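>>> only geometry, no sequence info:
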């Protein structure tokens with residue numbers, strides 16, 4: 001993946017003199033909230049050794065699967081100043097996408113697909129990065145001599161440990177960030193800066209003895225609390241994984257055709273989260289419970305038109321239809337057997353393989 005980052009240099013004539021450090025934090029926090037961010041915190045441009053150790057163990061055990069980009073830039077990921085040596089502080093920012101309805105409600109609908117709630121409308125990268133650039137530009141204009149870089153989650157940044165250091169939440173047993181105010185529903189972004197900003201108090205772990213997220217995983221992707229084997233994770237399999245999905249895992253995927261919300265949705269901290277009010281994240285009707293038969297029939301142009309502006313678009317028609325065929329094979333619906341059979345000769349060999357698998361699972 002290309003690093004989604006931007007550098008913002010200080011202007012020649014900044015407006016006003018530099019405020020006191022604590023006042024600078026208050027100004028940045030207020031401006032970030034005005035721009036629509038839901039959570040703001042401050043951390044040093046440094047990661048605790050345990051965060052780096054967790055990353056290196058994850059990579060050494062091969063649990064990143066085919067995500068070679070994680071290993072290729074592991075040094076920058078593990079050391080923020082290896083990414084940008086001039087960084088002193090990190091402004092960690094969260095944007096809530098907490099759903100108003102049950103994100104798992106479509107799982108029992110055998111003839112429909114379930115798309116992760118974050119991907120049912122616009123690509124959050126565009127919205128978050130735009131707000132980060134606005135905040136960075138404002139900071140560069142407001143604070144004399146400040147330099148900044150902004151990042152969203154495609155850059156080699158360990159966002160969740162930085163967010164925990166900044167007090168936004170903690171990495172739960174499902175390895176995602178959990179917030180006492182926003183549950184498991186935060187998109188993260190960062191502003192790295194040369195400003196020396198006092199860090200917030202790091203958030204403590206509040207998972208306690210709860211293991212709901214681990215028990216909810218359909219594919220047993222958690223070998224232990226706080227450890228994820230991406231090779232078994234439905235989000236990885238449907239988004240990052242390019243080849244055939246292992247046959248042993250296909251029946252466990254149900255009708256999840258892009259991502260998976262199970263471990264996030266069952267977190268008890270979600271009861272404190274208010275549903276987001278961001279129009280860009282409001283679910284589109286066409287992507288909330290789409291019919292599998294219609295999705296399987298998409299050609300490349302139809303796929304690109306349906307998912308224009310959506311994060312789903314980046315995986316391409318072939319990988320997406322492969323996912324749809326897994327759901328068709330799990331449906332038990334004989335009416336979908338001809339749909340699968342029609343794709344057994346698809347030019348994409350991965351699609352054709354999955355179509356044959358699906359057709360053989362369905363009654364005639």
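Arrived safely, thanks for sending. Just so we're clear, the structure is a prediction, and the values are computed from it rather than from any experiment.

>>> and residue 150, how many residues sit next to it?
Per other CB atoms under 10 Å, the neighbour tally for residue 150 reads 28. Using the backbone N, CA and C atoms, a C-beta is placed for each residue, glycine as well.

>>> repeat for the one 10 residues further on
For residue 160, the number of neighbouring residues by other CB under 10 Å comes to 22.

>>> tell me how far it lies from residue 203.
In this view, residue 160 and residue 203 are 11 Å apart by CB to CB, to the nearest Å.

>>> one more: residue 78?
In terms of CB to CB, residue 78 sits 20 Å off from residue 203.

>>> and this protein, what are its domains?
With domains defined by automatic domain parsing, the chain comprises 1-282, 291-364.

>>> now mean pLDDT too, for these, in TSV please.
TSV is the format used below for these (pLDDT from 0 to 100):
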stretch	mean pLDDT
domain 1-282	93
domain 291-364	97
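
>>> which residues of the chain fall in strands?
Here the chain has its strands, by DSSP state E, at 5-8, 39-44, 89-96, 114-115, 148-151, 170-171, 177-178, 186-193, 256-258.

>>> and those strands: which comes nearest residue 227?
Minimum separation from residue 227 across the strands of the chain (CB to CB) falls at strand 170-171, 10.9 Å.

>>> how far off centre is the top helix by length along the chain?
Among the segments of the chain that qualify as a helix by DSSP state H, the longest is helix 124-142. Centre-to-centre, helix 124-142 and its host chain are 19 Å apart (CA atoms, centre = their mean, to the nearest Å).

>>> can you check stretch 281-297 too?
The chain centroid and the centroid of stretch 281-297 are separated by 20 Å under CA atoms, centre = their mean.

>>> start to end distance for it?
From its first residue to its last, stretch 281-297 covers 26 Å (CA to CA, to the nearest Å).

>>> please enumerate residues in contact with that stretch?
97, 99, 106, 109, 111-115, 117-122, 124, 255, 257, 306-307, 310, 312, 320-321, 324-325, 327-328, 331, 335-336, 339-340, 342-343 (CB atoms under 8 Å, 6 or more residues apart in numbering).

>>> of those residues, buried ones?
For the contacts of stretch 281-297, a neighbour count by 16 or more other CB atoms under 10 Å gives the buried set as 97, 99, 106, 111-115, 117-122, 124, 255, 257, 306-307, 310, 312, 320-321, 324-325, 327-328, 331, 336, 339-340, 343.

>>> give me the angle between the longest helix of the chain and strand 39-44.
60 degrees (axes from the mean of the first three to the mean of the last three CA atoms, to 10 degrees).

>>> residues touching the closest residue to residue 343 other than its chain neighbours, list them.
Among residues not flanking residue 343 along the chain, residue 355 sits closest, at 3.7 Å (CB to CB, 6 or more residues apart in numbering). Counting by CB under 8 Å, 6+ apart, residue 355 touches 325, 340-344, 346.

>>> hmm, back to that, now, which of the buried ones among the contacts of stretch 281-297 lie within helices?
Among the buried ones among the contacts of stretch 281-297, the ones falling in helices (DSSP H) are 124, 306, 320-321, 324-325, 327-328, 331, 339-340.

>>> redo these as JSON lines? Include distance to residue 279.
Conversion of those to JSON lines gives the following (distance: CB to CB, whole Å):
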{"residue": "124", "distance to residue 279": "13"}
{"residue": "306", "distance to residue 279": "19"}
{"residue": "320", "distance to residue 279": "25"}
{"residue": "321", "distance to residue 279": "29"}
{"residue": "324", "distance to residue 279": "28"}
{"residue": "325", "distance to residue 279": "33"}
{"residue": "327", "distance to residue 279": "29"}
{"residue": "328", "distance to residue 279": "32"}
{"residue": "331", "distance to residue 279": "33"}
{"residue": "339", "distance to residue 279": "34"}
{"residue": "340", "distance to residue 279": "37"}
